[in-house]
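Visitor: Using only what follows, build the 3D model:
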Amino acid sequence: MHSSVDNCKTLRFRLLRQQGYYVPADVFNNFKDKEGKFKKELTEDIKGLMALYEASQLSIEGEDILDEAGNFSEQLLNARLRHLDENQLRVVGNTLRHPYHKSLAMFMAKNFLVISKRQMDGWMIYNY
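Guide: Numbering: from 1, shown residues only. This next block holds a predicted model:
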């Protein structure tokens, strides 16, 4: 499965930032085209948009690229909500409402520990 957003880069960025390391935000310029806009192919990559949104939540003052990435991914994810199945809707909605680093880890862990053993198309199915 090909992802338009380099999930490894966004995950690495997020994990390092969460641990207090400075990581330059210019890595996200790779997701822009020659005109300085986010690439069109990003609009179809829901998992990539979620990773981009999560990473953008760790911006520090003056990192305009992360502010742009957050706005871009939030708008697209919100627009796609009505086209998702129930399980995808829960995962994406949870990401938008409770970005990982802004959530209480123990509270959020409960949601992930009750995951059903089944998976559908790589999406987690939650038992709420």
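Visitor: residues near the closest residue to Pro99 other than its chain neighbours, how many?
Guide: Sequence neighbours aside, Gln57 is the residue nearest to Pro99 in space, at 4.2 Å (criterion: C-beta to C-beta, 6 or more residues apart in numbering). (C-beta placed from N, C-alpha, C; glycine too.) Using other C-beta atoms under 10 Å, the number of residues around Gln57 comes to 18.
Visitor: any low-confidence regions in this structure?
Guide: Across the chain, the ranges flagged by pLDDT under 70 are 1-5, 101-128.
Visitor: in it, which spans are strands?
Guide: Applying DSSP state E to the chain gives strands spanning 115-120, 123-126.
Visitor: Contact partners for the closest residue to Tyr53 other than its chain neighbours?
Guide: Using C-beta to C-beta, 6+ apart and skipping the chain neighbours, the partner closest in space to Tyr53 is Ser73 (4.0 Å). By C-beta atoms under 8 Å, 6 or more residues apart in numbering, the residues touching Ser73 are Leu49, Met50, Leu52, Tyr53, Ser56.
Visitor: For Lys34, see how far away the fourth one is.
Guide: Taking C-beta to C-beta, to the nearest Å as the measure, Tyr53 and Lys34 are separated by 24 Å.
Visitor: Looking at those two, which has the bigger crowd around it?
Guide: Neighbour count, other C-beta under 10 Å: between Tyr53 and Lys34, Tyr53 has more, with 22 against 6.
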